[in-house]
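[1] quick one: sequence and predicted model below, then my questions.
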Amino acid sequence: MANIKSAKKRILIERERNVANNSVKSEIKTYIKKFKSDLAVDTTKAEETFKTLTAKLDSAARENVIHQNSANRKKAHFAKLLDDAKKSK
């Protein structure tokens, strides 16, 4: 345990941010699962979910919850999945 007052404050702040960041990451994972399930059923519904998912990824990258390259990589991956699903139907 930290002895210095500022170090104790940093620990508290890190815990709060950790909770907030985990919440955002969990929300992204939920939208990823929703996108994949929508993609299996209906591509038009998957397109709407994809728009929401990309917005969530951009927001998380802007807030430094995830790295910008990671967000871009995920968006490109899901865009390709959506494009392939459209072509196959």
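    Thanks, I have it. Residues are numbered from 1 along each chain as shown.
[2] name the element the residue nearest to the spatial centre of the chain belongs to?
    Centroid check for the chain by Cα atoms, centre = their mean gives Ile28 as the closest residue, at 3.2 Å. Per DSSP states H and E, Ile28 falls inside helix 5-41.
[3] pull out the buried positions in that helix.
    Across helix 5-41, burial judged by 16 or more other Cβ atoms under 10 Å covers 28, 31-32, 35, 38-39. Any C-beta I mention is one placed from the backbone N, CA and C, and that applies to glycine too.
[4] list the helices and strands the following helix or strand past it packs on?
    Using DSSP H and E, the helix or strand that follows helix 5-41 towards the C-terminus is helix 43-62. On a contact count with 3 or more Cβ pairs under 8 Å, 6 or more residues apart in numbering; DSSP states H and E, helix 43-62 meets helix 5-41, helix 68-88.
[5] for the last one, what is the average pLDDT?
    Going back to what we said before, that points to helix 68-88. Taken as a whole, helix 68-88 has an average pLDDT of 96.
[6] swap in the first one?
    Averaged across helix 5-41, pLDDT comes to 96.
[7] now do Ser88 against Leu82, distance only.
    Going from Ser88 to Leu82 by Cβ to Cβ, to the nearest Å gives 11 Å.
[8] oops, could you answer that again for Ala71 instead?
    16 Å.
[9] could you do Thr30 as well?
    Taking Cβ to Cβ, one finds Thr30 at 18 Å from Leu82.
[10] find the nearest non-adjacent residue to the residue nearest to the centre of the chain, please.
    Distances taken as Cβ to Cβ, 6 or more residues apart in numbering place Lys56 nearest to Ile28, at 5.4 Å, with adjacent residues excluded.
[11] next: Lys34.
    Thr49 (5.5 Å).
[12] I'd guessed the one you found sits against Tyr31; true?
    Yes - between Thr49 and Tyr31 there is a contact at 6.7 Å, judged by Cβ atoms under 8 Å.
[13] let me see the contact set for Ser70.
    Contacts for Ser70 (Cβ atoms under 8 Å, 6 or more residues apart in numbering) come out as Ala61.
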